[in-house]
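**Student:** fold the following.
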Amino acid sequence: QVQLVESGGGLVQAGGSLRLSCAASGSIARINVMGWYRQAPGKQRELVATITDGDTTDYADSVKGRFTISRDNAKNTVYLQMNSLKPEDTAVYYCKSSVSTVVTFPRSYDYWGQGTQVTVSS
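**Tutor:** Numbers count the residues shown, from 1 in each chain. So this is what the prediction gives:
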């Protein structure tokens, strides 16, 4: 069993910054891709950024140059540094990790966190 716990959300003014964290725990053998997604009210969940275990990153066009994804493999944690926040960044942010457990290795499965609210006021 794998659990993902997010933290770092909150209320910030436009132009401000927030740093999200997502820590994975459980019987983990390997974490492949880690990523952040978001869902605004009335909209579908969308990709924000991903990072592979080789530190290759990918970003949605809407956040390029403002958000930075990183990971600490020793802590099984992925981060999302969000700068120059805009009201349209307001959403619930979810982390997702592709995890091989000690039972399923090398097969991996996707796990989701519970989400953390980010609200950007204008």
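
**Student:** now do the strands in the protein.
**Tutor:** Taking DSSP state E to define them, one finds strands in the chain at 2-7, 10-13, 18-26, 28-39, 46-51, 57-59, 67-72, 77-82, 91-101, 109-112, 116-121.

**Student:** partner strands of the longest one, with direction?
**Tutor:** This means strand 28-39. When pairing is defined by DSSP bridges, strand 28-39 lines up against strand 46-51 (antiparallel), strand 91-101 (antiparallel).

**Student:** show me what contacts the residue lying closest to S84 once chain neighbours are set aside?
**Tutor:** With sequence-adjacent residues excluded and distances taken as C-beta to C-beta, 6 or more residues apart in numbering, S84 is closest to R66, at 4.6 Å. For every residue, glycine as well, the C-beta is placed using N, CA and C. By C-beta atoms under 8 Å, 6 or more residues apart in numbering, R66 lies in contact with 82-85.

**Student:** could you do T57 as well?
**Tutor:** Contact analysis of T57 by C-beta under 8 Å, 6+ apart lists 49-51, 69.

**Student:** could you dump those to JSON lines with neighbour count, distance to Y93 and pLDDT?
**Tutor:** Below are the contacts of T57 laid out as JSON lines (neighbours: other C-beta atoms under 10 Å; distance: C-beta to C-beta, whole Å; pLDDT from 0 to 100):
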{"residue": "A49", "neighbour count": "22", "distance to Y93": "10", "pLDDT": "98"}
{"residue": "T50", "neighbour count": "19", "distance to Y93": "13", "pLDDT": "98"}
{"residue": "I51", "neighbour count": "21", "distance to Y93": "15", "pLDDT": "98"}
{"residue": "I69", "neighbour count": "22", "distance to Y93": "12", "pLDDT": "98"}
